[in-house]
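> Based on what follows, work out the 3D shape:
(3 chains)
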Amino acid sequence: MLSRKQKREEREFYFFISPWLMGFLFLTLAPMLASIILSFARWNIITPPEWVGFDNYKELMHDPLFWKSLGVTSTFVLSSVVLKLAASLLVAMFLNQKVRAIGLFRTIFYLPTILPIVASSMLWMWIFFPNGLLNFFVTKLGLSPQNWLANEKLALPSLILMSFWGFGASMIIFLAGLQSIPQYLYEAAQIDGAGWWSKFWNVTFPMLSPVIFFNLVMGFIGSFKVFAPGYLITDGGPHYATLFYVLYLFRNAFEYFNLGYASALAWILFFIIMAFTLLIIKSSPFWVYYEAERR
Amino acid sequence: MNKAKIAKSAYRSAIYVILIASSAVLLIPFAWMVSSSLLSEEEMFQHPPVWIPKPPHWSNYKEAWEALPFTTFLINTLLLTIGRVLPQVFACSLVAFGFARLRARASSKLFFLCLATMMLPGQVTMIPTYIIFNKLGWVNTFKPLIVPSFFAGPFFVFMLRQFFLTIPLELDEAARIDGASSFQIYYKIFLPLAKPALGAVAIFSFMAAWNDFMGPLIYLHDIEKYPLALGLRLFQSYGEYATRWNLIMASSVAMVLPPLIVFFFTQKYFIKGITIGAFR
Amino acid sequence: MKYKILLVLVIVLVLGWTVFFRGQPQHSSGPTVVKFAIWGGVAEREAWAALAEDFHRKNPGIVIKTQMIPVKYDEKIMAMLAAKTAPDIINLPFGEFASKGMLDKVLLPIDEYMAQDKNLDLDDLFPGILALDQWKGKQYSIAHALGPQVLFYNVDHFREARLPTPNEFYQRGEWGWPTFLECCKKLVKRDAKDKVTRWAYVRYTPIWTYISLNGGRTFNEDYTECYFDDPKVYEAIQMVADLFLVHGVMPPPALEKEIGKWQAFARGDASMFISGPWQVSRLKNMEDEYDIAPPPIAPGGRSITLGGRIGGVWRGTRVPEAAYKWISYLATPDARRIWSRLGFDIPALKSLASHPEEWTDPEIIPAHFHVFYDLAPSILKPPLAVNPFIPKKAERLINSTMDLIWVGRKSAKEGLIEIMPEVNRILRTGR
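Take a look at the predicted model:
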């Protein structure tokens, strides 16, 4: 039995968390259940929904555009997460070398991530055009100009480049992580005669691994949901080259009004993200180092 | 000077060169956006590109602003932003306090649930949520965009809870002995102490609301209700302006400025906010 | 003290949640309100407002509320249909609903209202135009205007190239695709490095226009079958693609977004494009002189009309009669005068056809304005030559294949025949 005081505290607890609890029930749980049910139905909004069992999921397996969008998205996720992580870690390590005006650099690197996606999409569209800025630099370097957005092979890399521009967000987290590594560890390594690689591999990497882990998970989840560049800049084209998964889902839901099919797509997305996140989490004991007192 | 010193200073200058060069590359698109916004019609399609417009066409800003009802877009954006930031900060701090300080049997399970919803892609709930709001007749109003912020977002709850945990327990114990209620402790002790973290939440939700594109895209129909994010895109659909890239860049600059200014003045909170989530 | 704050807090939260679960506010009584949703920009909005005002003067009991949806009109209407909150008059993606066999589930036939309507002068309408809004023998709306696709050409450029104008070619009976192509080759301007500085033609009108001009038909009447394997269909597309691929007189797709299409024409960076009457008001400030002419039509071909449909009465409306009155009003000469004054389309009324000075601004119309009317009889010959409103999914599929055709990765024949089964499947199932 709980004492009166404990009971009161429980009541207070539920009062305080009620905004989240209500939101969870009405804006997360209920829609989730509805979405599961919807994914087993066929509904075009005008005529009543029709129960079709696993048909939507079966159809999905034979839908070339489903596989195409999955491929496009995976390519985007892999390249942009890897590139961003590598660049942000590198820059953070440079900045951590007791550099002057560190605040200024930090601001500059972070700046691109503040841009509203619509504004940055317009800007990059203007840069990628045949007579645009990128081709100007490309020809300066003696290479031939390209149709960045209209070329089936270059459209996706162009959007990856655009997303790479925003690597500053993870850079700031890395920098904070680096700054929290105690200096004595490096001094100890120095005494042992460690070179820069050995210092990185034996001190920096293990101490930073929880932060790398965090950035990896966040970057992965975030970039798997990419939508706006494909919608605003390339409209999924040319010839599906930038048909991101969420864009395809959006089209099925809000353009074709195949709401059941779109719900099935949403659940597959959920399972993919779940599976990969779990994979990263499960693999973490092998490479993420937590200090004893934290674990 | 000995060899080691020379090597060290060479190393340091190399770092500076790399940093300066890469930040210059990063800044080029910004510079290009600003300079493009000042180009004249003729300069716009010139080769090689014009970097410094002569003279700068400041009138582009006025023309772009008047080409579409941008004043309305701005007012809508401000309404939406304020309508989303205030309830968000309030609701999140309440919930975070509950999770950080009050004991209940289901507390840790519920907190785990809260964290788990962070992983859920919004697309899963998007369609049913849309249908619900649609049935309520809320589509084409601000309600579907504002009302959800009354229900705390899990990421901000997590951020604030982490911060609340750093506040010494002795403070609220002392207050309780003086007869303070939980709400008074939250209101009189935690809120004032957590100002930096609350600031971070406010700034983050400001940025999210200002930049939000998908929400208004799905829920708003009338031009009169468009925020800037949708308004800017209208240039593409209004034939007359689809290729006036100088005007498009001018309104992009105008849209970027407010978050930029907010960022410059609140950098500390901002960085605190970003880093607090990463270190558990 | 603490309970006061607590109380306020609870009230705020409860208020928040009741707002959340409260339904739509009830409408108060008063004049009958007819809600009407339409696309368009700033200029169109003013024109609609003027029409609504005139209508209200003539029908004091009815107020028209126009909702402007500038982008993604079809999608937004579908969403409102789902919520059963659609406006009283909606302009549906006709073909999409027709091909799904659902038109009658959404719209109310207006035949009965039309039979009792004394203001409607059916004899004044262009013969054949009613077919635009018929489905399975029932009338769903009254089209009152045409948007014939004509050729816009830069007179100065033709003069400079010492070419007879398209109108002169046409009168001599020499105007067709071969002549058009010859003109293109002479009109295009290149610099010393062979880089094009001025394009002869920009692709603006939808592909259906070229197919029809070439004498092809793309879909059957019910939009349940496509004829992509008809040589007249794919050859038309190939001819247009070749303007870039073979002849280099049309900008590549990559450049179209940057320099624009009709915008390039308006700046004098391109010499010709095909479009409808709404361009007249857009081009009024153009520096060079421009004119219109019939597009290059192959034997057996004809131009098509775009626009001119305003939609039908939604089945869920509470005010069908008032909604019908608005549709009927829009087909009157008074309404057409107001609307067409701003140069958006061509009234499909005989009484106005021969008097353009009554409803246009003579200052801004091109010399051969009558071409718009000259094309009407051939366009209105059954089956009507119109923009097919096919399901979005089929449209996306076709557009993606066009991506490959425009850049020469696939021939038009190969690309179109390849997607034919899938397009037919979508047309038949609507999914």
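> okay, CA-based contacts and neighbour counts for the rest of this
Noted.
> In the stretch 151-295 of chain A, what residue comes closest to chain B?
Closest to chain B within the stretch 151-295 of chain A is A:A266: 4.9 Å, counting by CA to the nearest CA.
> Low-confidence stretches in chain A?
Confidence mapping of chain A against pLDDT under 70 gives the ranges A:1, A:290-295.
> The same query, at a cut-off of 80, please.
Low-confidence segments of chain A, defined by pLDDT under 80: A:1-2, A:45-46, A:284-285, A:287-295.
> ok so, going back, list the buried residues of the one helix or strand the residue of the stretch 151-295 of chain A closest to chain B maps to.
If you go by DSSP states H and E, A:A266 is part of helix A:259-287. Buried residues in helix A:259-287, counted by 16 or more other CA atoms under 10 Å in any protein chain shown: A:259-267, A:269-270, A:273-274, A:277.
> JSON lines for those, including distance to C:E160?
Formatted as JSON lines, the buried residues of helix A:259-287 follow (distance: CA to CA, whole Å):
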{"residue": "A:L259", "distance to C:E160": "56"}
{"residue": "A:G260", "distance to C:E160": "59"}
{"residue": "A:Y261", "distance to C:E160": "57"}
{"residue": "A:A262", "distance to C:E160": "56"}
{"residue": "A:S263", "distance to C:E160": "59"}
{"residue": "A:A264", "distance to C:E160": "60"}
{"residue": "A:L265", "distance to C:E160": "57"}
{"residue": "A:A266", "distance to C:E160": "59"}
{"residue": "A:W267", "distance to C:E160": "62"}
{"residue": "A:L269", "distance to C:E160": "59"}
{"residue": "A:F270", "distance to C:E160": "62"}
{"residue": "A:I273", "distance to C:E160": "62"}
{"residue": "A:M274", "distance to C:E160": "66"}
{"residue": "A:T277", "distance to C:E160": "66"}
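> Filtering those by proximity to chain C, which remain?
When CA under 8 Å from any CA of the partner chain is applied, no member of these is adjacent to chain C.
> between these, which is nearest C:G30?
Closest to C:G30 out of those is A:L259 (38.1 Å), distances taken as CA to CA.
> My read is that the closest one contacts B:V124, right?
No. A:L259 lies out of contact with B:V124 (CA atoms under 8 Å); the separation is 11.6 Å.
> where do the contact lists of these two overlap?
By CA atoms under 8 Å, 6 or more residues apart in numbering or on different chains, A:L259 and B:V124 have no common neighbours.
> Would you map the strands across the stretch 101-250 of chain C?
Remark: strands assigned in the stretch 101-250 of chain C by DSSP state E, counting those that start in this stretch are C:107-108, C:134-135, C:138-139, C:145-146, C:150-154, C:189-190, C:196-202.
> So which of the ones you listed is nearest chain A?
strand C:107-108 (11.5 Å).
> Does anything pack onto the closest one? Which helices or strands?
Packing partners of strand C:107-108 (3 or more CA pairs under 8 Å, 6 or more residues apart in numbering or on different chains; DSSP states H and E): strand C:312-314.
> Secondary structure class of the residue nearest to A:T113 when sequence neighbours are not counted, three-state.
Distance criterion CA to CA, 6 or more residues apart in numbering or on different chains; nearest residue to A:T113, sequence neighbours excluded, is A:G166 at 4.9 Å. Assigned with DSSP: H, G, I helix; E, B strand; the rest coil, A:G166 falls in the coil class.
> So what's the residue count around A:G166?
21 (other CA atoms under 10 Å in any protein chain shown).
> Need phi/psi at it.
A:G166 adopts backbone torsions of phi -100, psi 30, taken as degrees, to the nearest 10.
> is the helix or strand containing B:T275 anywhere near chain A?
Using DSSP H and E, B:T275 sits in helix B:245-278. Yes. Judged by CA under 8 Å from any CA, helix B:245-278 comes into contact with chain A through B:245, B:248-249, B:252-253, B:255-256, B:259-260, B:263, B:271, B:274-275, B:278.
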